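> here is a sequence with its predicted model. Questions after.
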Amino acid sequence: MSKNFFEVKNVDFKVGGKTKVANVSFAIEKEGDVICLLGPSGIGKTTILRTIAGLEKIKKGSIELKGNVLSSEKINLEPEDRNISLAFQENSLFPHYTVEKNILLGAEKNKGKKDHQVSFQEIIELLDISLILNKYPHEISAGEAQRASLARSLVTQPDLLLLDEPLSNVDQSFKEEIQEKLKKILKSSKITTIIVTHDSYEAFYLGSKCGIILNQELKQFDDPYNVYHLPNSIEVVNFLNRGTLIHAEVTSPKSLENKDLGTITGNFIKPFPIGSKVKLLVQPEDLHHDDKSNLKFEVVDRKFRGTNFIYTLKTPSNTLIPVFVHSHHIHQHEIDEKFGIKRPIHIDHIVCF
Amino acid sequence: MKFNSWYLSSFLISFVVLIPVITVFSSFFESTSNYYEILKNTFLMEYIFNSIILLISVLALTFIIGTGTAYLVSFYNFPGSNFFKWALILSFAVPPYIYAYSLTAFFENYGTAFTILKNLFGDANYNKNIPKFDGMFGAILSISFSLYAYVYILARASFLYQSQNLIDLGKNLGFSKLKSFYKIILPAARPAIVAGLSLVAMETLAEFGAVDFFSINTLTTGIYNSWITFDDLAFANRVSFFLLLFIFSLFVLENLSRRRAKYHLNSKGGFKQKQKTKLFGKSSFLAFIFCFLIFFMSFLFPLGQMLYWTIKFPENLFDLQIIDLVLNTLYLVILSSLVLLIFSLISNYGNRVSNNKSLNFLSTLSISGYAIPGVILAIAFITFIAWLDDSIIKSLGFASIKKVFIGSILGLVLVYFIRFYSLAFNGIKSGYEKINISVDESAYLLGYSKRKTFMNIHIPFLRNSLLFIIILISLEIIRELPITLILRPFNFETFATTAYISASEDLLEAAAVPSLFLILIASLFIIISSKYILKENNE
């Protein structure tokens, strides 16, 4: 029997006989933990949630909740018997009931449970849907429907809450606020949650752990910090798109040499023999700007991100390197101008492949 | 695949509905009497020729009337346009056979036209100057004025969904109104119009009452005669087989065009509400006259004729057991609607939860019952019961079941069920298409069982669709003639059979009262349902 609160063991997630994600294993250790599954659209994230909810079956491995097997080759507990709630990405509100009635139907399921940590009223206020309670699903926007659907799932106080792209239809301006509120609700109600998203910022903010699903596999399941700074494969680096891989040669246990950047020092996450030819991950925050430096590269692009600029520099060997600069930096560099990189270059975690 | 009770129920229902089709097709391999040889050398070509002439003419006329009126009320504002919008559907209340009686009653020698002329201009022999609308021409007019509403409703729905952007694009390209109509509006509505015409074609080929009244020999009357006169069920089924093949090709065409019609629905973002053009002067008058003429010819004229005769011969009103007829009709309507709704709901839900391809295919095939003419269906049903009785029931030593199913309410309701199953099934299906599957899944995750989801989520949501389906079924049953005529219990009459029997005995005046009641009751149902039809079209 598993000691974890929730566990997926060696499961092939399939839909219509076709494998979407193979041989997946991950666990949620404690009740109340929130994890996120991250991956590009169509990769099979929703299939994972649907299978956990009991809407799809498995033929290999097992899914366990609180030590009980929910799904395995031989066992398949019906969705209505699992006490798992799934908030769908699309509008799944009952069309002939008002928003309030929809949410109350969720509350009905919750009747008789001991812990009512978050009340109906609290959820309504937190998700800011008090004004649409008397409206029918067709009378509200997609974002409002998504929040109402989320509220319905939350009031059921399930053992496990599954959220499929919960904020994909919510306005950008409102998204951060809802994210904060959602995090607060999940924490105060201690609802164990799996959130599926393709937005890495959302996953890093909401999840205590993140799983990266790529090419039919769960590539990495780790803390958000580690997923970002210590990716375990080139595919994860490429998916997160927060850095570039440059050719380098290991020159000592704490340094490498790149023909454009010169010597780079730091701590290797994984040791490589001296003389190894590797691909080094360089993230925008790894390099620092210095107008006085004699290591200068040509600016080929500049993205303004509010708090900072991301400059894309072209090295003499035609490698493109991103560099963060605070947006209050004294002067801006135009495209085609030269941009200085501070030396010596030191990277805290050296990630090589 | 999950083999559950829902799947099994759905499978059984679809299979039962398919029995007549299987019976007709299997009869192809049976031997027939000499009648087939006689007919093949004599009238068979005439049957086919008449059926084709009837079909082509009715299609042409219903296309012109249906599309023309739909175009006018959808794109223009003129006096009465809002009234005609729904009033033009009222022609459905007049079945072709009642239209045929009205046409004959008005134009026959010393008929209503003669009386009007006599009252206006005094005594004279007007008979030779009054045109006679009988025979093939009469049948074409009767069927066209009764059925054009199929084209009208579907074309109008399609016109309504056409975005103003399309019309504006035409203007931008410098098209005249006429050119816009031919180049943009009509092609965009083509699938809907073809779908409407396919329905007209199926009904025309299946038409029995009007063609029988005008003594036109078509394949359908041929089937009826071979059964009634020569008692040759096998031959009746063989002719049915050919007619069915023809109808099925039309059915496929209709289905294909419906599938294509999806491409013509506008996405949320690109749709722009159409602005109707206000007509003035001559064009306004012409539009009004055209619509009024169609409304008058298709509804007011037969209604007026039947009303006139009822007033002129009031004794027929008292001779008729109206209460009995109303009760009989209500009995059939309530019983059939209940059976149809319950089984169509189970079948639809079974399909939805099973999500099984072969079951889906079987269901699609089973709804083809609507394409089978009532005459064929009734005869196929008798054939099947006779075979079941002779081959299985009797050999097992049980008493004959013929009396239970033939000439009984049970048999009648069962065949109505097969005939109108597609109406109920498709109606519920289109209601179900509006419920996203994630709604069901949300219900399961809220702890609802499949039964509770069906009862607490689906039924309340489908309530309006179910009401609409009941109205449509009622309308069809009130108008239905051949099945009722063949399978009704002894001395059990409806308005339709009473009218038919009087008319076939050349007592047209006596046929007027039941016809009038039929029109009035059907009109009431249409007026109620027109609200739903218009709502469906977002008006």
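Perfect, I can see it now.
> only C-alpha atoms for contact and neighbour calcs from this point on.
Noted.
> any idea how many residues pack against the residue in chain A that chain B sits nearest to?
Closest approach between chain A and chain B, counting by C-alpha to the nearest C-alpha: residue A:80, at 3.9 Å. Neighbourhood size, residue A:80 [other C-alpha atoms under 10 Å in any protein chain shown]: 21.
> residue B:433 too?
That count, for residue B:433 with other C-alpha under 10 Å as the rule, works out to 9.
> do the same with the one 4 residues further on
Neighbour count of residue B:437, defined by other C-alpha under 10 Å: 13.
> for it, what are phi and psi?
Phi and psi for residue B:437, reported as degrees, to the nearest 10, are phi -60, psi -30.
> could you check how far residue B:461 is from chain A?
Distance, residue B:461 to chain A, by C-alpha to the nearest C-alpha, to the nearest Å: 6 Å.
> okay, now the domains of chain A?
Annotated domains of chain A cover A:6-235, A:244-350 [automatic domain parsing].
> who in chain B is up against chain A?
Within chain B, the positions near chain A by C-alpha under 8 Å from any C-alpha of the partner chain are B:435-436, B:438-439, B:441-442, B:444-449, B:457, B:460-461.
> which of those residues lies closest to residue B:146?
Among the residues of chain B next to chain A, residue B:461 lies closest to residue B:146 (C-alpha to C-alpha), at 33.1 Å.
> next helix or strand past the helix or strand where residue B:286 lies?
Using DSSP states H and E, residue B:286 falls within helix B:281-295. As assigned by DSSP H and E, the chain's next helix or strand after helix B:281-295 is helix B:301-312.
> what comes into contact with that following helix?
B:94, B:98-99, B:102-103, B:105-106, B:112, B:316-317, B:509, B:512-513, B:515-516, B:519 (C-alpha atoms under 8 Å, 6 or more residues apart in numbering or on different chains).
> pull out the buried residues from that helix.
Residues of helix B:301-312 classed as buried under the neighbour-count rule (16 or more other C-alpha atoms under 10 Å in any protein chain shown) are B:301-303, B:305-310.
> same deal with stretch B:459-477?
Buried residues in stretch B:459-477, counted by 16+ other C-alpha under 10 Å: B:461-462, B:465-466, B:468-477.
> JSON lines please, covering those and showing secondary structure, pLDDT and distance to residue A:217.
Converted to JSON lines, the buried residues of stretch B:459-477 look like this (DSSP: H, G, I helix; E, B strand; the rest coil; pLDDT from 0 to 100; distance: C-alpha to C-alpha, whole Å):
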{"residue": "B:461", "secondary structure": "helix", "pLDDT": "85", "distance to residue A:217": "40"}
{"residue": "B:462", "secondary structure": "helix", "pLDDT": "86", "distance to residue A:217": "42"}
{"residue": "B:465", "secondary structure": "helix", "pLDDT": "81", "distance to residue A:217": "45"}
{"residue": "B:466", "secondary structure": "helix", "pLDDT": "86", "distance to residue A:217": "47"}
{"residue": "B:468", "secondary structure": "helix", "pLDDT": "80", "distance to residue A:217": "50"}
{"residue": "B:469", "secondary structure": "helix", "pLDDT": "85", "distance to residue A:217": "49"}
{"residue": "B:470", "secondary structure": "helix", "pLDDT": "87", "distance to residue A:217": "52"}
{"residue": "B:471", "secondary structure": "helix", "pLDDT": "83", "distance to residue A:217": "54"}
{"residue": "B:472", "secondary structure": "helix", "pLDDT": "81", "distance to residue A:217": "53"}
{"residue": "B:473", "secondary structure": "helix", "pLDDT": "87", "distance to residue A:217": "54"}
{"residue": "B:474", "secondary structure": "helix", "pLDDT": "88", "distance to residue A:217": "57"}
{"residue": "B:475", "secondary structure": "helix", "pLDDT": "85", "distance to residue A:217": "58"}
{"residue": "B:476", "secondary structure": "helix", "pLDDT": "86", "distance to residue A:217": "57"}
{"residue": "B:477", "secondary structure": "helix", "pLDDT": "90", "distance to residue A:217": "59"}
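> out of these, who's nearest chain A?
residue B:461 (5.5 Å).
> list the contacts for the closest residue to chain A within chain B?
In chain B, the residue that lies nearest chain A is residue B:447 (3.9 Å; C-alpha to the nearest C-alpha). Residue B:447 is in contact with A:79-81, A:83, A:109, counting by C-alpha under 8 Å, 6+ apart.
> ok, now how distant is residue B:220 from residue B:38?
Taking C-alpha to C-alpha, to the nearest Å as the measure, residue B:220 falls 18 Å from residue B:38.
> which of the two has more neighbours?
Applying other C-alpha under 10 Å to residue B:220 and residue B:38 shows that residue B:220 carries more neighbours, namely 27 against 11.
> helix, strand, or coil at that one?
When classified by DSSP: H, G, I helix; E, B strand; the rest coil, residue B:220 comes out as helix.
> so what's it up against?
Per C-alpha under 8 Å, 6+ apart, neighbours of residue B:220: B:205-208, B:240, B:373, B:375-376.
> and if we set it to 10 Å?
Residue B:220 sits next to B:47-48, B:51, B:204-208, B:211-212, B:226, B:236, B:239-240, B:243, B:373-376 when contact means C-alpha atoms under 10 Å, 6 or more residues apart in numbering or on different chains.
> what's the burial count for residue B:170?
Residue B:170 has 19 nearby residues by other C-alpha under 10 Å.
> right, I mislabeled it, should have said residue B:277
Residue B:277 has 12 neighbouring residues, counting by other C-alpha under 10 Å.
> pretty sure it contacts residue B:167?
No: using C-alpha atoms under 10 Å, residue B:277 is not in contact with residue B:167; the gap is 11.4 Å.
> circling back to that earlier point, just checking, which of the contacts of residue B:220 belong to helices?
When these are checked against helices (DSSP state H), the matches are B:47-48, B:51, B:204-206, B:211-212, B:226, B:236, B:239-240, B:243, B:374-376.
> now, which of those sits nearest residue A:250?
Using C-alpha to C-alpha, the shortest approach to residue A:250 within the ones in helices among the contacts of residue B:220 belongs to residue B:243, at 84.0 Å.
> got a list of what the closest residue to residue B:80 other than its chain neighbours touches?
Excluding the flanking residues, the one nearest residue B:80 by C-alpha to C-alpha, 6 or more residues apart in numbering or on different chains is residue B:288, at 6.9 Å. By C-alpha under 10 Å, 6+ apart, the contact list for residue B:288 reads B:69, B:72-73, B:77-81, B:84, B:279, B:282.
> hang on, the earlier thing: which helix or strand contains the residue of chain B closest to chain A?
Going by DSSP H and E, residue B:447 is not part of any helix or strand.
> please consider this matter closed, and thank you.
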